[in-house]
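Participant: Dropping the sequence and predicted coords here.
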Amino acid sequence: MVETWTERIANLSVPTIVLLLGGLTALRLVLRALRRSFFLFLSELTESAMLAVALVFLLLRPFVLQTYHIPSGSMHPTLREGDHLVVNKLLYRLRAPRRGEIIVFRAPHEADWNEPEYIKRLIGLPGDTIEVKEGYVEVEGIRYFHADIRGILGIPSTTEPGENGPADVPLRLTREGIHAGNRTISAAEFATRVGRRDTKVEIQPGQVLRNHVPLIENHVAEDPEYHLDPYVVPENSYFVLGDNRNQSHDSHEWQELPANRVIGRAEAVFWPISRLRRTR
């Protein structure tokens, strides 16, 4: 993945910052030595720039704030590729993370090191029991899971936008029907599609359960298409999931996130301007 200019600036190393400050210091001394009002003015601007660089890169970035660039679609629809976020690093020095917060963390050892920092939603705290149930539609004892439903209804398989196919067509199951993008297919219509008209149909939505209680999550892209047996989050650890449940490399694969790998809470999208918003 090609780094943008904003990422390059945000990720400048400490030695680079020290070298930059040294160069600005030398420039300031040269300007002051010229002793003309214009050069003295430039010297003052250089001094202000030095203070700003030192404040941002040697104080704010290590201890208070950080920027983060969304590299993938794992947090759709809440966050999108290309979003630039402000991450609050100070908050978790004052209190522990809470359920439902969107957090940035250093990738655990079991994850893909090609992406050293991840962003996910915190689902479980230490001691919580997390379970994931895959959704399905049952017609006369035959269960149809997401892949089957997509095939029967002619819904394209999920594909990232611009990668050899259409954008994602999210699939969500509710007791009232099957929701595919802007379409809603009733239980009766689905029974007709599978050649079992006027038969009993049961729709079981996919669910994430915390301490045996299903979560109400309006922010997710679609129902989970996988199953996870009840899992108790260990001490000093968290359980995290992407909002795009079926396109996210998260705790349902590598389980707990050690607490000491958490960097901070995602506070807001600041770029692009059209996406300016708080993250929730």
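Facilitator: Yep, it's here. Numbering: from 1, shown residues only.
Participant: Residues contacting stretch 142-162, please?
Facilitator: 73, 134-138, 165-171, 178, 180-181, 185, 190, 193-194, 206, 222-223, 225, 246-247 (C-beta atoms under 8 Å, 6 or more residues apart in numbering). In this view, the C-beta of every residue, glycine as well, is placed from N, C-alpha and C.
Participant: Out of those, which end up buried?
Facilitator: Among those, those classed as buried by 16 or more other C-beta atoms under 10 Å are 73, 134-137, 168-171, 178, 180, 185, 190, 193-194, 206, 222-223, 225, 246-247.
Participant: Which of the contacts of stretch 142-162 fall in helices?
Facilitator: 190, 193 (DSSP state H).
Participant: Looking at the contacts of stretch 142-162, which are in strands?
Facilitator: 136-138, 171, 178, 180, 185 (DSSP state E).
Participant: Nearest to residue 218 among these?
Facilitator: residue 171 (15.7 Å; C-beta to C-beta).
Participant: partners of the closest one in the sheet?
Facilitator: Following DSSP bridges, residue 171 is listed with bridge partners residue 180.
Participant: my read: it touches residue 177, true?
Facilitator: No - Residue 171 lies out of contact with residue 177 (C-beta atoms under 8 Å); the separation is 11.6 Å.
Participant: which residues of the stretch 51-200 of the chain fall in strands?
Facilitator: 65-69, 84-88, 102-106, 117-124, 129-133, 136-139, 142-144, 171-174, 177-180, 183-185 (DSSP state E, counting those that start in this stretch).
Participant: roughly how far out does the biggest strand by length in the chain sit from the chain middle?
Facilitator: In the chain, with assignment by DSSP E, the single longest strand is strand 262-271. In terms of C-alpha atoms, centre = their mean, to the nearest Å, the centre of strand 262-271 is found 10 Å from the chain centre.
Participant: can I see the domain layout of this structure?
Facilitator: Domains of the chain are assigned by automatic domain parsing as 5-63, 65-126+236-278, 135-205.
Participant: out of these, deepest packed?
Facilitator: domain 65-126+236-278 (a mean of 18; mean count of other C-beta atoms under 10 Å).
Participant: Poorly predicted segments of the stretch 51-200 of the chain, please.
Facilitator: Applying pLDDT under 70 to the stretch 51-200 of the chain flags residues 54-64, 112-115, 157-168.
Participant: who's in contact with stretch 228-239?
Facilitator: Against stretch 228-239 from outside (C-beta under 8 Å, 6+ apart): 97, 103, 122-132, 251-252, 255-260, 262.
Participant: at 7 Å instead, please
Facilitator: Stretch 228-239 is contacted from outside by 97, 122-132, 251-252, 255-259, using C-beta atoms under 7 Å, 6 or more residues apart in numbering.
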